[in-house]
Each structure stands twice: as structure tokens, then as C-alpha cells.
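>>> here is a sequence together with a model predicted from it:
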Amino acid sequence: MTYFDKNTVKLSHQHMKAHLNKGDTVVDATAGRGRDTLLLSQLVGDGGKVYAFDIQEEAINSTKALLEENGRQNVTLILDSHHKMKDYVKSARAVVFNLGFLPGGDHSIFSHGETSIKAIESALDILEEDGFISVCVYHGGDTGFEERDTVLEYLERLDQKKYTVMLHSFHNRQGYPPLFLVIEKNR
């Protein structure tokens, strides 16, 4: 298989498709415009459950409209920070993050390293055995480097007996191509 024609989102979606099952409970920690939420909803099917978080009402409304357009009803939309996911979800097969800012939204509102680490810790706490967390890190610009560095340093210290952390990057692409990380909870 070649990855030269892929991008970070396609890698993330490919991973979700390969590892999720009908009936799973999953979390979209950063609903954004709802594309990941919709895919997760379709992958887990009507018997599954999706919890989608965002701190911006604009993101929740975009996601809601996309889900309604596609007749999806197995999603609970939550206008709250992803670092509070444990208040809403007891366990999940997968948690999906896109770190950065809302596409087409206000760029002064973005995720930060400190709260992203708290959110990843919450995700690790609710993650089922053999589950996974995927993280797309959109860095660059004025703010993304701090978050990228904070997240990478944190993940590097995770206990390798409990978790496997994989980092995918398009190392020779110009600019600041997003990073794709997968954290698997070992059996």
C-alpha cells in the first residue's frame, strides 16, 4: 500500500474503518464541522453510540445539520470541552481528536496543549481494552507548535506496557503538514 496520495484525515478515516465495529461506543472529541462525527455514526451503525464534543456552538450546529442531512440519530452532541468527556461517557472503543481550530471558523479560538493533554488523559481513562485514540495535530501558524510539542512530549512518556503510540508524518512535504497519531491500549 502506498501513502503518497493520502493526507492525515484520510489516514485517520482509514484507521477508523479498519478498527471500528457495529455497536461500538465512540467519542468525537472535537466535532468541528461534523465530518468525523458522521463517519463514526455510520461505522458504529444504529446499534452504536457516538458522543461528539465541541466548545463552539457554531461547530455543534454544523455537526447537527450534517447529521440531520444524512439521517443519523445515534449521536449525542455536547457543547462542552473535550477534557470533561468523563462526565458524559463511561467507556468507549475509540476517541478521535482533530487539534487546532474550527475549519472556516474564528482562528482566535483553538485547542491548547494543556487542555488537550487533559482531554487525552480523560480519553485514556474511558478507553476500552484494545481500543484506540486517534489524534490529528494541525500545527503551524501562531499557536499550533506549542500544542504539538506538548502533546508529543506527553505521549512519549506513556507507559509502553499499557499503550502503543504511533506517529505518522509526511516528512518531506513543505510547510507544516498535520501529524497523525494513534494510541492503542494494549491488552
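That came through fine. Note that the coordinates shown come from a computational prediction; the quantities given were computed from them, not determined experimentally. Residues are numbered from 1 along each chain as shown.

>>> can you pull out the helices in the chain?
With DSSP state H, the ranges of helices along the chain come out as 8-19, 35-44, 57-69, 113-126, 144-156.

>>> go through the ones you listed and pick out the most buried.
Across those, averaging neighbours per residue (mean count of other C-beta atoms under 10 Å) puts helix 35-44 on top, at a mean of 22. Heads up, the C-betas are built off the backbone N, CA and C, glycines and all.

>>> using PDB, list the CA coordinates for it.
Provided in PDB are the C-alpha atoms of helix 35-44 (Å, rounded to 0.1, in the frame of the first residue of the first chain):
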ATOM      1  CA  ARG A  35     -17.300  15.000   9.100                       C
ATOM      2  CA  ASP A  36     -15.700  12.600  11.600                       C
ATOM      3  CA  THR A  37     -18.900  12.500  13.700                       C
ATOM      4  CA  LEU A  38     -20.800  11.500  10.600                       C
ATOM      5  CA  LEU A  39     -18.300   8.800   9.600                       C
ATOM      6  CA  LEU A  40     -18.200   7.400  13.200                       C
ATOM      7  CA  SER A  41     -22.000   7.300  13.300                       C
ATOM      8  CA  GLN A  42     -22.100   5.300  10.100                       C
ATOM      9  CA  LEU A  43     -19.300   2.900  11.100                       C
ATOM     10  CA  VAL A  44     -20.900   2.000  14.500                       C
END
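
>>> what helices or strands is that helix leaning on?
Contacts defined by 3 or more C-beta pairs under 8 Å, 6 or more residues apart in numbering; DSSP states H and E place helix 35-44 against helix 8-19, strand 25-28, strand 49-54, helix 57-69, strand 92-99.
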